[in-house]
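Asker: I'd like to go over a predicted model; first the sequence, then the structure.
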Amino acid sequence: MGAGFFTLNSVRRAVYWADPAHRDQAPEAWMTLGYIERSHRLPPRSLGPMLGIEHAGHQSLKQIAAARGQDLDSLLAEITAQLAALDPPPSDPR
């Protein structure tokens, strides 16, 4: 019974992340750092240190911004800029 649960959960996650709609999503208030890392195919627990955030756990970006005393929009912009720096646009093949 327990093995079936873990197998089903693994399959569910694989199907969810295989959907292109869940890749490279723009950061939103409800997301966690882990969700963004997975969406952008970053190593686990890599985005927090890049942003100077320690021990975010499963907090949403809205909760992280509030805990830091930071405006949510500025945190979203900071994360977006960090993601853009990690994934530069492809070069022009001309």
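Answerer: Perfect, I can see it now.
Asker: what residue ranges in this structure score low on pLDDT?
Answerer: 1, 15-22, 88-94 (pLDDT under 70).
Asker: How about the contacts made by the most centrally placed residue in it?
Answerer: Note on the chain: the residue nearest the mean C-alpha position is Ile36, at 0.8 Å, using Cα atoms, centre = their mean. Listed by Cβ atoms under 8 Å, 6 or more residues apart in numbering, the contact set of Ile36 reads Gln25, Pro27, Leu42, Leu47, Ile79, Leu83. Where you see a C-beta, it was placed from the backbone N, CA and C, and this is true even at glycine.
Asker: so is it in a helix, a strand, or just coil?
Answerer: Following DSSP: H, G, I helix; E, B strand; the rest coil, we place Ile36 in the helix state.
Asker: Check this structure for its longest helix and report it.
Answerer: Secondary structure assigned by DSSP state H gives helix 2-18 as the longest helix of the chain.
Asker: buried sites along it?
Answerer: Using 16 or more other Cβ atoms under 10 Å as the test for burial, helix 2-18 gives no buried residues.
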